[in-house]
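>>> sharing a sequence plus its predicted fold:
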Amino acid sequence: MTHYRSEMSEDDDDRSPPLDLRCAAITTVESSPSTSSSTANKTRNCTSGSGPAEFQVAYPDQVLENVLENVLCFLTSRRDRSAASLVCRSWFRAEAYTRSELVIGNCYAVSPGRATDRYKRVKSVVLKGKPRFADFNLMPPNWGAHFAPWVLAMAKAYPGLEKVCLKRMSVTDDDLALLAGSFPGFKELVLVCCDGFGTSGLAVVASKCRTLRVLDLIESEVTDDEVDWISYFPEGESSLESLIFDCVECPINFDALEGLVARSPLLKKLRLNRHVSIGQLHRLMVRAPRLTHLGTGSFSPSDVVAQNDQEPDYVSAFTAAKALVCLSGFREIIPDYLPAIYPVCANLTSLNFSYANINAEQLKPIISRCHKLQNFWVLDSICDEGLQAVATTCKELRELRVFPINAREDTEGPVSEVGLQAISEGCRKLQSILYFCQRMTNAAVIAMSKNCPDLLVFRLCIMGRHRPDHVTDQPMDEGFGAIVMNCKKLTRLAISGLLTDRAFSYIGQYGKLVRTLSVAFAGDSDMGLRYVLEGCPRLQKLEIRDSPFGDVALCSGLHHYYNMRFLWMSSCRLTRQGCEEIARAMPRMVVEVIRSEDEEEMDDNVGILYMYRSLEGARDDVPRFVTIL
Amino acid sequence: MEGGVAYENDLNLKATELRLGLPGTDESEQQSLICVRNSKRPLPDAGNECLPKGKSDAQHQTIPAAKAQIVGWPPIRSYRKNSFQQKKDEAEGHGIYVKVSMDGAPYLRKIDLKGYKGYPELLKASENMFKFTIGEYSEREGYKGSEYVPTYEDKDGDWMLVGDVPWDMFMGSCKRLRIMKGSEARGLGCGV
């Protein structure tokens, strides 16, 4: 689902080893024009002034740097850039001058000042903040990840900034106002899973960012300040190419929206919120027949429609939408209207029904037309039967997400191993799956591991905790073991169900490319975590909850933690002493112990451990429920 | 008795299982309940398997386990959970669910007005939910003694002070609640 830009995905391409840390140590490599490998000559100070060796060959060196800068412009991979910056001081400088996109995977790993000091000509910034488990209310709000210090620093350092993407950051209306006022050529604002701002902040962005092309609000919490933000877009032709606000829960001024769409000839992506009725959708589609991405809003009429009412011709609106490839919305769907989308199905590569409570019978006529579908998000209301229909038609499917209508633990559920097996047999090109169910079998998971060798992301959530294979009553070890064994490209894994240490030994043994691992209610002993920490060299993000891993297990990862983005462990068996030991042994790790609000401050048992590498040491915006060891 | 067979291996996972069920309740008991109530299946003999593993004909009434909800489990973001909860409740006619917002809080809550007998209970619950205190209500001066004032939006879209009208009338006209804070609350009778 192209909700996220590629840099937003959890499987980002940043496989940097502790290059960030070594940057602090980089410098005075003997700078001769011939590049030498730098490892032998690092010292502890970071200087960028010229050293004594340089002045003798100033002119050729300057030429070399100019040439280098022109070459390095073409280098886009962050990993390659980091490697280039380590070659010698002049390459370091050239790289710093030519990097235009800054991606900071953990906003606390580096300070805004340090980033803006090193990189002088940045046009695009991607910042990620809170850990993912914060999405599920596992930690009190106001933990941090404030955008404010960043926007302040960038306002001074990057007047030419064009693009900001934030994920899980705390953004206030004031921050948005500063952003809107500081960057005259600002083009793209993308806020994913952010909160702290409201419609008043949006209004400022709309009115002041005159060259805005992209305003994407994705799964963010937007406070209803009762400001009609859509009306703040200036009159005259707009350069908007993408307007995504399906997560905004407040009513929208439709007339203003319609006017905006009418004067946005470049608009390609439009995702409406649930306050837009199907009748209003029709009017917008007529205004924007060249859309490629459409979020349909409520997909139901605003009032009860009587039998003889004249309704707009939805079918012809969709027929005219020849460029449409990505369809979502359906927030309050009345299934009677579904046939309207038949004309676009054959072209769809992406379909998001994850808010549409439809059954298999309602799905079948749609999905049977979607031959090109690659991304499909859906609710389990379609049952195993609906998944079988998907498997029959969608041979190009790359990503599937099945969400539960009833997010509760239950013995029965509408989807099961039957659906998973069917998908594995029909959709051989599958790369990414997120599947919520109440029951599962090892056999189906093993089948998927064999049928879908291209899997990169396998996330199975058996909602009943500690639930075994419901046919054999065995733990789910063998199923997940087969996944890591057979899916050789696997980079992201989420496990669930009844799991013993054996499952972890499989992961450690075979999961050599795994970068992200999510564990909940699994394992028997410290060995489980040790297998993973000792066996998975590429592990970057590890999030664990409610599993019996203690201090000994935690210590077994000391050799690896600097290679990781973060480690999260909540409701495990960690003690304060154990965490303090880690903090002592690893000065460049920030070790946060987070309490839920009613916990005692000096409690020996650690509720939540969240630790991450950082160049800055303890952050200065710690709320009272966080202790940094 | 065959209970959740997960507990039959020597790992004795049951001892370490994290559950919030009442002490003494058991999955096995719940499963036998299910069997007993299903009239389509003969009652099990002693020693026979009670639960048909995965081959059930889904016709029987499952009594969902009355387990308490674990925080953050299953891992679904709350706005997804809430999208369907609201519709379900509206469809089933359960409760009068209204949103409650508090100035400065990062997210809203939802409460069922039917769950309270009157204003004192409602206000107490709000205080607990958002961790603040409301002052004393008086008809003349509104809420005195605190910088928080409970207000609600009525059917006409107006923002009213909570407590002025009889409880039943309030339940019928309240669309959403908002705990106002500080200077904004002045003028609505916060008496500060």
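Nice, thanks for sending it over. Please read these numbers as outputs of a predicted model, since none were measured by experiment.
>>> helix or strand for B:Lys110, which one?
Assigned by DSSP states H and E, B:Lys110 belongs to strand B:109-112.
>>> so does the next helix or strand after that strand get close to chain A?
Sequence-wise, the next helix or strand downstream of strand B:109-112 (DSSP H and E) is helix B:119-130. No. In terms of CB under 8 Å from any CB of the partner chain, no part of helix B:119-130 sits within range of chain A; the closest distance is 11.4 Å. In this view, the C-beta of every residue, glycine as well, is placed from N, C-alpha and C.
>>> buried residues in the next helix or strand after helix B:119-130?
Per DSSP H and E, the first helix or strand lying C-terminal to helix B:119-130 is strand B:136-138. Residues B:Tyr137 are the ones in strand B:136-138 that count as buried (16 or more other CB atoms under 10 Å in any protein chain shown).
>>> quick check: mean pLDDT of strand B:136-138?
Regarding strand B:136-138, the rounded mean pLDDT is 82.
>>> sheet partners, orientation included, of it?
According to DSSP bridges, strand B:136-138 has the following sheet partners: strand B:142-144 (antiparallel).
>>> tell me the first helix or strand C-terminal of the strand it pairs with.
strand B:148-153.
>>> so which bits of that next one are buried?
Buried positions in strand B:148-153, judged by neighbour count with 16+ other CB under 10 Å: B:Tyr148, B:Val149, B:Pro150, B:Thr151, B:Tyr152, B:Glu153.
>>> quick one: low-confidence ranges for chain B?
Applying pLDDT under 70 to chain B flags residues B:1-69, B:84-94, B:182-192.
>>> quick check, the residue in it closest to chain A?
B:Gly72 (3.3 Å; CB to the nearest CB).
>>> next up, the contacts around the closest residue to that residue other than its chain neighbours.
Once flanking residues are discounted, B:Gly72 sits nearest to A:Phe136: 3.3 Å by CB to CB, 6 or more residues apart in numbering or on different chains. By CB atoms under 8 Å, 6 or more residues apart in numbering or on different chains, the residues touching A:Phe136 are B:Val71, B:Gly72, B:Trp73, B:Pro75, B:Ile76, B:Arg77, B:Ser78.
>>> and these, which of them are in helices?
The helices, defined by DSSP state H, take in B:Ser78 from the contacts of A:Phe136.
>>> nearest to B:Lys110, of the contacts of A:Phe136?
Of all the contacts of A:Phe136, B:Lys110 sits closest to B:Ser78, with 10.2 Å by CB to CB.
>>> just give the closest residue to the closest one, not the sequence neighbours.
Closest to B:Ser78 by CB to CB, 6+ apart is A:Asn137, at 6.7 Å.
>>> so what pLDDT did the one you found get?
A:Asn137 carries a pLDDT value of 89.
>>> and if you look at A:Asp20?
42.
>>> same thing with the one 5 residues further on?
What the model reports as pLDDT for A:Ala25 is 35.
>>> what of the one 4 residues further on?
A:Val29 is assigned a pLDDT of 31 by the prediction.
>>> over to the one 3 residues further on?
What the model reports as pLDDT for A:Ser32 is 37.
>>> now the helix or strand where A:Met527 lies - C-alpha only, CSV.
Per DSSP H and E: A:Met527 is located in helix A:526-535. Coordinates of the C-alpha atoms in helix A:526-535 are reproduced here as CSV (Å, rounded to 0.1, in the frame of the first residue of the first chain):
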residue,chain,number,x,y,z
ASP,A,526,16.6,-16.3,28.6
MET,A,527,17.8,-18.7,25.9
GLY,A,528,15.1,-17.5,23.6
LEU,A,529,16.4,-13.9,23.5
ARG,A,530,20.0,-15.1,23.4
TYR,A,531,19.5,-17.2,20.3
VAL,A,532,18.2,-14.1,18.5
LEU,A,533,20.9,-11.7,19.8
GLU,A,534,23.7,-14.1,19.1
GLY,A,535,22.3,-15.4,15.8
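>>> which other helices and strands does the helix ranked longest in chain A contact?
Counting residues, the longest helix found in chain A (DSSP H) is helix A:58-72. Identification of packing neighbours for helix A:58-72 by 3 or more CB pairs under 8 Å, 6 or more residues apart in numbering or on different chains; DSSP states H and E yields helix A:89-98.
>>> after the helix it packs on, which helix or strand is next? Please name it.
strand A:101-104.
>>> can you list the residues that contact that next one?
For strand A:101-104, contacts defined as CB under 8 Å, 6+ apart pick out A:7, A:12, A:14, A:76, A:78, A:110, A:115, A:119, A:122-128.
>>> of the residues you listed, which belong to helices?
Counted as lying in helices by DSSP H, out of the contacts of strand A:101-104, are A:Arg78, A:Ala115.
>>> so A:Pro184 sits in a helix?
No. A:Pro184: not assigned to a helix; according to DSSP: H, G, I helix; E, B strand; the rest coil it is coil.
>>> for A:Gln280, which non-adjacent residue is closest in space?
With CB to CB, 6+ apart as the criterion, A:Gln280 has its nearest non-adjacent residue at 5.3 Å, and that residue is A:Phe254.
>>> quick check: pLDDT value at that neighbour.
At A:Phe254, the predicted lDDT confidence score is 96.
>>> got phi/psi on A:Met611?
Note on A:Met611: backbone dihedrals following degrees, to the nearest 10 are phi -130, psi 150.
>>> for it, which non-adjacent residue is closest in space?
Per CB to CB, 6+ apart, closest to A:Met611 is A:Val591, 4.6 Å.
>>> which strand or helix spans the one you found?
Take DSSP H and E as the rule and A:Val591 turns out to sit in strand A:589-594.
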